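Novice: I'd like to go over a predicted model; first the sequence, then the structure.
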Amino acid sequence: MKNQLASFAALACVVLALVPLVYILFMVVKTGAPAISWEFLTNRTVGTGGPGEGIGNAILGTLLLVFYATLIGLPIGLMTGIYVSEYGNNKIGYTVRFFNDLLANFPSIVIGLLAYALVVNLLHFGFSLFAGSVALAIIMIPIVANTTEEALRMVPNSLREGALALGVPRWRTVLKVILVNGKSGVVTGALLSVARITGETAPLLLTAFYSSYWSASLTQPVASLPLTIFRNYNSPSKELLQQAWGAALVLILIVLSINIGVRLFLRNRTGKRKVVKSWKQRLSLRT
Amino acid sequence: MSPRKAYETELAELDNLVAEMAKKTREAIELAVASFEKLDVSMVKRVEELDEELYLLNNDIEKRCLEVIALQSPVAKDLRAIGTYLKVITDFDRIGRYARDIAEVTAHTYTMAHIKPLVSIPHMAEMAEHMVDLSVKAFLDRDTTSTKEVFEIEDKVDSLYDEIFREVITYMMEDSKKIGIGINYMLVARYLERIADHACNICERVIYMVTGERVIKE
Amino acid sequence: MEAKIVTEDLNAYFGDVHAVRGVNLSIPKNKITAIIGPSGCGKSTLIRCTNRMHEVVRGARVTGKVLLDGKNIYDADTDPVMIRTKVGMVFQKPNPFPTMSIYDNAVAGLRLNGEKDWKILDDTVERSLKLAALWDEVKGNLAASGVSLSGGQQQRLCIARALAVRPEVLLLDEPCSALDPIATAKIEDLLFDLKDQFTIVIVTHNMQQAARVADFTAFMYMGELIEFGDTKVIFENPAKELTEKYITGRFG
């Protein structure tokens, strides 16, 4: 009897937790879908509230921000994760891990402030794509570092020892054995961090700011999907309001597709491997 | 019982069984020699029984030793002990056989009379019995100190055997009627000498069991 | 008897734990030496000192000397990576690289160090798999994954992998403890065939294995080398009472 009660209570909580998610999806699709059209996706955000509003430049802006952020943040995050996992069994490693954890939990607006002070002001970039990318990269680094470290830690020590005992230097072991074996975890972590920063809003307020124009310049402010929502969420203009919901829908679709893509990727990893018939054939394949 | 405990119990049991064989052997020699001295047939049967019992014990101990080897893979001291058991039970079995042979001589000669009161043969028998006693004690106590004495006595037994041989031949050459009993004297002396020799074997095995050294006969 | 590896007052520590205490051991060349002893006596640690794998663990350190052909492997100018190609190691649990094929596993030591010449790699694969008595069983499908083999085959693959880099010494840390008796017997036969070309050191829990396979046996207890000698002598008439007690199972 108690078992059943507990099961029921748990189930009720699950339903409760799912309700907001379902509601959001429902609302976004319902309100945002009507806005979606080819013009909508390719027009720029004029911002006047009249017809002809689009989110094309915001989509581009978000993509560019994520691209540059990944370019900066991914390698640093990966290296940090590799270092802490493979070389960091010492004070330095502990310190790095500690600060990493700290950074991971920083309020994103504070990171935005940092990027503002550093890139916008000190380096005189002004509000710009570059500043926004730096802010997002800073958010990305600890996430990637953590997931990378976790993924590499999961690689059994027997493989490390096996490779070292063969007379393979440590760096080659890390590169060609550990990373290769921890690939899924590392890639998953990287993709998930990308999904995360796609939706970050607060730091962009202080760095990339906004632009109603098409722009791919690193030194100019740039539009983005989250900020499109922020600007227009309670606009009196029907067009602008729709723009916000449309942007929300597109944003959610991007994030969801990355997440689902990761899951499909994971499933394929553990699936079949293409097996070549003979090793001579394999040899010829290679040459 | 735990395997380890069972193993140790079995080793102890084997020790006891070999000791029992030694005891029976001892009894057999005594009875056989006494029966020959007195030309008393009544003791012969008992000697034959003892020989049978020794044969069975031999088989049983051998079987158990091989089991221990198969199941327990004994090494070092245990291995040497098992190896020793396997060899000394043969020695005891042979001693028992010779005792029986002596008794059988009695069975064939009791109708005859001794040439004279026996002196050398009982003396020889005493020495052989003493040697067996010492070697068994060395075995049971795992103590090699008395083995030296055993080897020394064996030399004496050998020379006594030569003496008896010559004495009996003299008697037989004197009087051909004495050939019958004379040959039997020689047989008994021979058997006693063999018994003494086996007692020496046992001592050699004991030395190996305790020290791991193999005695090389000069 | 020529010594291949000689340890001089070798001490190994895991932080404060003194795992190997003042060991002076001489491993004879081209023979099989077994190291036996109860769990935790330091036998694995000892062999890991001879191929500089001990220091890979955090907080681990070594004092004393280990001479390989007379030269101390712990000299400041000696590269540990170099030592590990000369002194190969096979572990208790077979550990072929899961993402690699049998072929790749066999030549992993070469490939990972940058060897790209296919002729050399092919020759090495065949040579080392033959040395490890695995060639006939796998030559038909070298592209199969390294982990698709049975336990005994995987362990032989690891042996092949270790032999591919042409070591002079092969260390085996309880190589058969995860294997069934038939696989074990195959590996024991293999070691016997290998000792002409290599010096072999095998750590084993299984005394019967040491007795079967080894020319020389070393007994360790609580980090110390208690006795070393011809296997026949150790098992028939050991000099030290502690050795006697251990091998007859009278303690532990």
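Specialist: Yep, that arrived.
Novice: What is the burial count for the residue of the stretch 51-200 of chain A found nearest chain C?
Specialist: Nearest residue of the stretch 51-200 of chain A to chain C (Cβ to the nearest Cβ) works out as A:Gly167 at 3.3 Å. C-betas here are computed from N, CA, C, even on glycine. Per other Cβ atoms under 10 Å in any protein chain shown, the neighbour tally for A:Gly167 reads 25.
Novice: Wasn't C:Leu67 part of a strand?
Specialist: Yes: judged by DSSP: H, G, I helix; E, B strand; the rest coil, C:Leu67 forms part of a strand.
Novice: what sits against the closest residue to chain A within the stretch 1-150 of chain C?
Specialist: Closest contact between the stretch 1-150 of chain C and chain A, by Cβ to the nearest Cβ, is at C:Thr85 (3.3 Å). Going by Cβ atoms under 8 Å, 6 or more residues apart in numbering or on different chains, C:Thr85 touches A:Leu166, A:Gly167, C:Gly109, C:Val165, C:Arg166, C:Pro167.
Novice: rewinding a little: how about the residue of the stretch 51-200 of chain A closest to chain C, what does it touch?
Specialist: The neighbourhood of A:Gly167, defined by Cβ under 8 Å, 6+ apart, consists of C:Val81, C:Met82, C:Ile83, C:Arg84, C:Thr85, C:Lys86, C:Gly88, C:Gly109, C:Asn113, C:Val165.
Novice: Let's have the contacts of C:Thr85 in JSON lines, adding pLDDT, secondary structure and distance to B:Leu31.
Specialist: Below are these laid out as JSON lines (pLDDT from 0 to 100; DSSP: H, G, I helix; E, B strand; the rest coil; distance: Cβ to Cβ, whole Å):
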{"residue": "A:Leu166", "pLDDT": "93", "secondary structure": "coil", "distance to B:Leu31": "76"}
{"residue": "A:Gly167", "pLDDT": "92", "secondary structure": "coil", "distance to B:Leu31": "78"}
{"residue": "C:Gly109", "pLDDT": "93", "secondary structure": "helix", "distance to B:Leu31": "78"}
{"residue": "C:Val165", "pLDDT": "94", "secondary structure": "coil", "distance to B:Leu31": "76"}
{"residue": "C:Arg166", "pLDDT": "94", "secondary structure": "coil", "distance to B:Leu31": "75"}
{"residue": "C:Pro167", "pLDDT": "95", "secondary structure": "coil", "distance to B:Leu31": "71"}
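Novice: Below-threshold pLDDT in chain A: ranges please.
Specialist: Along chain A, segments meeting pLDDT under 70 span A:49-50, A:52, A:268-287.
Novice: what residues does the stretch 101-250 of chain A put near chain C?
Specialist: A:156, A:158-169, A:172-173, A:176-177, A:180-181 (Cβ under 8 Å from any Cβ of the partner chain).
Novice: Of the residues you listed, just the buried ones, ChimeraX syntax please.
Specialist: Here is the ChimeraX command that picks out the buried ones among those, judged by 16 or more other Cβ atoms under 10 Å in any protein chain shown:
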select /A:159,160,161,162,163,164,165,166,167,168,169,172,173,176,177,180,181
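Novice: Let's see which of the residues of the stretch 101-250 of chain A next to chain C end up in helices.
Specialist: Within these, residues falling in helices by DSSP state H are A:Ser158, A:Leu159, A:Arg160, A:Glu161, A:Gly162, A:Ala163, A:Leu164, A:Ala165, A:Arg172, A:Thr173, A:Val180, A:Asn181.
Novice: Alongside chain C, which residues does chain B contribute?
Specialist: So far as Cβ under 8 Å from any Cβ goes, chain B lies against chain C at B:Arg4, B:Tyr7, B:Ser73, B:Pro74, B:Val75, B:Ala76, B:Lys77, B:Asp78, B:Leu79, B:Arg80, B:Thr211, B:Gly212.
Novice: Helix or strand for the second one, just tell me which one.
Specialist: Right, B:Tyr7. Element membership for B:Tyr7, per DSSP states H and E: helix B:3-38.
Novice: List the contacts of the residue in chain B that chain C sits nearest to.
Specialist: Proximity of chain B to chain C (Cβ to the nearest Cβ) peaks at B:Gly212, 3.2 Å away. B:Gly212 is in contact with B:Arg80, C:Glu236, C:Asn237, counting by Cβ under 8 Å, 6+ apart.
Novice: Phi, psi for the residue of the stretch 51-200 of chain A closest to chain C please.
Specialist: phi 90, psi 30 (degrees, to the nearest 10).
Novice: Can you tell me the closest non-neighbouring residue to A:Ser215?
Specialist: Among residues not flanking A:Ser215 along the chain, A:Val222 sits closest, at 5.3 Å (Cβ to Cβ, 6 or more residues apart in numbering or on different chains).
Novice: check which helix or strand covers the one you found.
Specialist: Element membership for A:Val222, per DSSP H and E: none, as it lies in no helix or strand.
Novice: which of the ones in helices among the residues of the stretch 101-250 of chain A next to chain C lies closest to C:Gly151?
Specialist: Using Cβ to Cβ, A:Ser158 is the member of these that lies nearest C:Gly151, at 13.9 Å.
Novice: mind listing what that closest one touches?
Specialist: Counted by Cβ under 8 Å, 6+ apart, A:Ser158 has contacts C:Phe91, C:Lys93, C:Asn95.
Novice: neighbour-wise, which of the residues you listed leads?
Specialist: Among those, the one with the most neighbours (other Cβ under 10 Å) is C:Asn95, at 25 neighbours.
Novice: For that residue, give me its contacts.
Specialist: C:Asn95 makes contact with A:Pro156, A:Ser158, A:Leu159, A:Glu161, A:Gly162, C:Cys158 under the criterion Cβ under 8 Å, 6+ apart.
Novice: wait, the last one sits on C:Gln92?
Specialist: No: in this structure, C:Cys158 sits apart from C:Gln92 without contact. The criterion is Cβ atoms under 8 Å, and the distance is 10.5 Å.
Novice: Quick check, the residue in chain C closest to chain B?
Specialist: In chain C, the residue that lies nearest chain B is C:Asn237 (3.2 Å; Cβ to the nearest Cβ).
Novice: Distance check, B:Ala103 against C:Glu236.
Specialist: 40 Å (Cβ to Cβ, to the nearest Å).
Novice: Looking at those two, which one has more neighbours?
Specialist: Shown here are B:Ala103 and C:Glu236; by other Cβ under 10 Å, B:Ala103 has more neighbours (26 against 16).
Novice: OK, contacts around that one?
Specialist: Here B:Ala103 is in contact with B:Leu31, B:Ala32, B:Ser35, B:Phe36, B:Met43, B:Val44, B:Val47, B:Glu48 (criterion: Cβ under 8 Å, 6+ apart).
Novice: Try it again at 7 Å.
Specialist: For B:Ala103, the contacting residues are B:Ala32, B:Ser35, B:Val44, B:Val47, B:Glu48, by Cβ atoms under 7 Å, 6 or more residues apart in numbering or on different chains.
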